[in-house]
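Any chance you can model this:
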Amino acid sequence: MQPGARLAVGFSGGVDSVVLLHVLATLRQSAIPVPFSLAAVHVDHGLSPHASTWATAAMQTASRLGVPCRIAKVTVERGSRDGLEGAARRARHAALAQSDADWIVLAHQQDDQAETLLFNLLRGCGLAGAAAMRERNGRLLRPLLGVGREAIERYARLQGLTWIEDESNADLRHTRNFLRHRVLAPLRERFPAAPRVLAAATGHFAEALELLDALARCDLGEIDDFPLPVERLRGVAEARARNLLRYLLARHEVPIPTAARLREAVRQLTGAAVDRHPAVGFGAFRLVRQRDSVYLEADDPARR
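From the prediction side, this is the model:
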């Protein structure tokens, strides 16, 4: 991190983000060799009747720590193919991406990483999903990925911190909550190190993913983005064609597709006649074949 770097913390006001902001605010005031500026961004999804109360509490907590806080109100797409959780996450990341900070710092921790691994594996996302979240991804930083939830809550209690309790975190209709309470909790009773071991496994998957990225760049040759010639997909084995699409979609920050979805995309895009224009949706985007090339376009809900 360069001296004078600007950090913006994704600040929900929950215990994880409160601890993260407290740690960074403390570091900023200490005699560290690399000075930085610090701000917080609270994203208001408008999904809870308590949203305005949470925004006020976030502002107050940040103020006590001497950190300016901005409220970003977003509209979450209803009826999204990714579900309400996926749509809210997409809207949140879009809001954070608008920050002019050098680094966006998120409070995901070790248990979140374990949940993400299980969630992605159950969705059939393949190796890209198994790699889960990165400590550094572009200008996103996740410094707490190696820290467990118990340690974070212990720190918060020792420092006398207060935080928001989102009632939706207990709603088992949400997949991640179900994994947290009904899968990981009993698993931890039998295997106390389960979250740490699962989170560590994502690092091994990430290394393998880097090798697949290198293979994709080799198969692409001089092509480094869409439009992608259909012959590049036809000229390699089906697994490598899926890897090409996965790699290019990831470069555009398209949500990780399932292996089945990628397989279907390769089938449609390579198998259609030249006068056909198949389109395969991936969240807010779609891949469209136009004559001999594949293009990435923003999806229009009106076309569905």
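
Quick check, residue 63 in contact with residue 57.
No: look at residue 63 against residue 57 with CB atoms under 8 Å: they stay out of range, at 10.6 Å. For every residue, glycine as well, the C-beta is placed using N, CA and C.

Between those two, tell me which one has more neighbours.
A count of neighbours by other CB atoms under 10 Å puts residue 57 above the other of residue 63 and residue 57, at 17 against 12.

Nearest the geometric middle of the protein, what residue?
The centroid of the chain falls nearest to residue 133 when counting by CA atoms, centre = their mean (6.5 Å).

hang on, that one packs against residue 108?
Yes: using CB under 8 Å, residue 133 is in contact with residue 108, at 5.6 Å.

Quick check: can you name the pairing partners of the longest strand anywhere in the chain and their directions?
Across the chain, the longest stretch assigned as strand under DSSP state E is strand 36-44. Strand 36-44 pairs in its sheet with strand 5-10 (parallel), strand 69-73 (parallel), by DSSP bridges.

out of the ones you listed, which comes closest to residue 291?
Nearest to residue 291 among the strands paired with strand 36-44 is strand 69-73 (40.8 Å), distances taken as CB to CB.

so after that closest one, what's the next helix or strand?
Sequence-wise, the next helix or strand downstream of strand 69-73 (DSSP states H and E) is helix 83-97.

who touches that next one?
Outside of helix 83-97, the residues within contact range by CB atoms under 8 Å, 6 or more residues apart in numbering are 8, 10, 41, 43, 45, 47, 72, 74-78, 80, 82, 104, 106, 174-176, 255, 283-284.

All the strands of this protein, residue numbers only.
5-10, 36-44, 69-73, 103-105, 136-137, 140-141, 228-229, 279-282, 285-290, 293-298.

Buried residues in the fourth one, which are they?
This means strand 103-105. The neighbour-count check on strand 103-105 (16 or more other CB atoms under 10 Å) flags 103, 104, 105 as buried.

outside of the longest strand of the chain, which residues touch it?
Here strand 36-44 has contacts from 1, 3-13, 21, 24-25, 28, 51-52, 54-55, 58-59, 62, 67-74, 91-92, 95-96, 99, 101, using CB under 8 Å, 6+ apart.

if you set the cut-off to 7 Å instead, what comes out?
Defining contact as CB atoms under 7 Å, 6 or more residues apart in numbering, one finds that strand 36-44 is touched by 1, 4-13, 21, 24-25, 28, 51, 55, 58, 62, 67-74, 92, 95-96, 99, 101.

again, but for stretch 62-82
Identification of contacts with stretch 62-82 by CB under 7 Å, 6+ apart yields 11, 21-22, 25, 38-47, 55, 58-59, 84, 86-88, 90-92, 95, 255, 281, 283.

and if you look at stretch 240-248?
Contacts for stretch 240-248 (CB under 7 Å, 6+ apart): 128, 212-213, 215-216, 219-220, 225-226, 228, 232-233, 257, 262-263, 265-266.

Next step: those restricted to helices.
Using DSSP state H, the subset of the contacts of stretch 240-248 located in helices is 128, 212-213, 215-216, 219-220, 232-233, 262-263, 265-266.

Throw together a PyMOL command that grabs the buried residues out of those.
In PyMOL, this line selects whichever of the ones in helices among the contacts of stretch 240-248 come out buried by 16+ other CB under 10 Å:
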select buried, resi 128+212+213+216+219+220+232+233+262+263+265+266
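
Can you tell me which of the contacts of stretch 62-82 are buried?
Among these, those classed as buried by 16+ other CB under 10 Å are 11, 21-22, 25, 38-45, 47, 55, 58-59, 84, 86-88, 90-92, 95, 255, 281, 283.

Run the angle between the lowest-mean-pLDDT helix or strand in the chain and strand 5-10 for me.
Ranked by mean pLDDT, DSSP states H and E, the helix or strand of the chain with the weakest confidence is helix 83-97, at a mean of 85. Counting by axes from the mean of the first three to the mean of the last three CA atoms, to 10 degrees, helix 83-97 lies at 160 degrees to strand 5-10.

ok, which stretches of the stretch 51-200 of the chain are helices?
In the stretch 51-200 of the chain, the helices defined using DSSP state H, counting those that start in this stretch lie at 51-64, 83-97, 110-123, 126-130, 149-158, 175-178, 185-190, 194-220.

any chance of the ones you listed in TSV, plus distance to residue 167?
Shown next, in TSV, are these (distance: least, CB to CB, whole Å):
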stretch	distance to residue 167
helix 51-64	11
helix 83-97	15
helix 110-123	19
helix 126-130	28
helix 149-158	18
helix 175-178	11
helix 185-190	18
helix 194-220	23
